[in-house]
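Trainee: Show me how the following folds:
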Amino acid sequence: MKKFKIILKIFFLITALISCGIETEDKEQIFYLWTNGELPKDVQTINGKYWESGHFTKEYEVYIHLKPSEKWWNEFKKVNELETHKSNFSEEIRLKLKPDYKRVIEIPKWFRPNKNSTVYQKTDSEFFWNETTRDLFIHEIQL
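Mentor: Next up, the predicted model:
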């Protein structure tokens, strides 16, 4: 019985250590966590919020406000094949921007894309590009 308790304690300890996830609002760290790459010189991070599960499957949700160059944005759209996922600022999108919409992490108060933004929807993720101000709001989720 004593061995069983020790094994059970070790099991719970290992489970706790493996299951630790990441949650941060450190805008300097978020781009790297999200892309696993350094922030390019022609992109500025304005705000961010990131959550990642402790599982090996890399489940995550990110809200990020970027100020990228036109060149970077065009390349990002191309690499992520966003052009074919262009949509309007629909009622469905408006609902997703409300604080009570179901998601893993709460939508940050600063995440307010302009209604004149061009919206790109891919799976459960949204990309809001304001051509006038060059603001890019991204909500990406992978579960």
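
Trainee: Surely E75 forms part of a strand?
Mentor: No. The assignment for E75 by DSSP: H, G, I helix; E, B strand; the rest coil gives helix, which leaves it out of any strand.

Trainee: That one: what's it in contact with?
Mentor: By C-beta atoms under 8 Å, 6 or more residues apart in numbering, the contact set of E75 is empty. Yep, even glycine has a C-beta here, placed from its N, CA and C like the rest.

Trainee: And the strands in the chain?
Mentor: In chain order, the chain shows strands spanning 22-24, 43-52, 60-68, 86-87, 118-122, 125-130, 135-142, with DSSP state E as the criterion.

Trainee: Which of those sits closest to K109?
Mentor: In this view, those are compared for proximity to K109 by C-beta to C-beta, and strand 43-52 is the closest at 9.6 Å.

Trainee: Please export the C-alpha coordinates of the closest one as PDB.
Mentor: Once non-C-alpha atoms are left out, strand 43-52 reads as follows in PDB (Å, rounded to 0.1, in the frame of the first residue of the first chain):
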ATOM      1  CA  VAL A  43       7.100  44.500 -37.900                       C
ATOM      2  CA  GLN A  44       6.200  46.200 -34.600                       C
ATOM      3  CA  THR A  45       4.200  44.400 -31.900                       C
ATOM      4  CA  ILE A  46       1.700  46.900 -30.300                       C
ATOM      5  CA  ASN A  47      -0.100  44.400 -28.000                       C
ATOM      6  CA  GLY A  48      -0.400  40.700 -27.500                       C
ATOM      7  CA  LYS A  49      -2.000  38.000 -25.400                       C
ATOM      8  CA  TYR A  50      -0.900  34.300 -25.700                       C
ATOM      9  CA  TRP A  51      -2.000  31.000 -24.200                       C
ATOM     10  CA  GLU A  52      -0.500  27.600 -24.900                       C
END
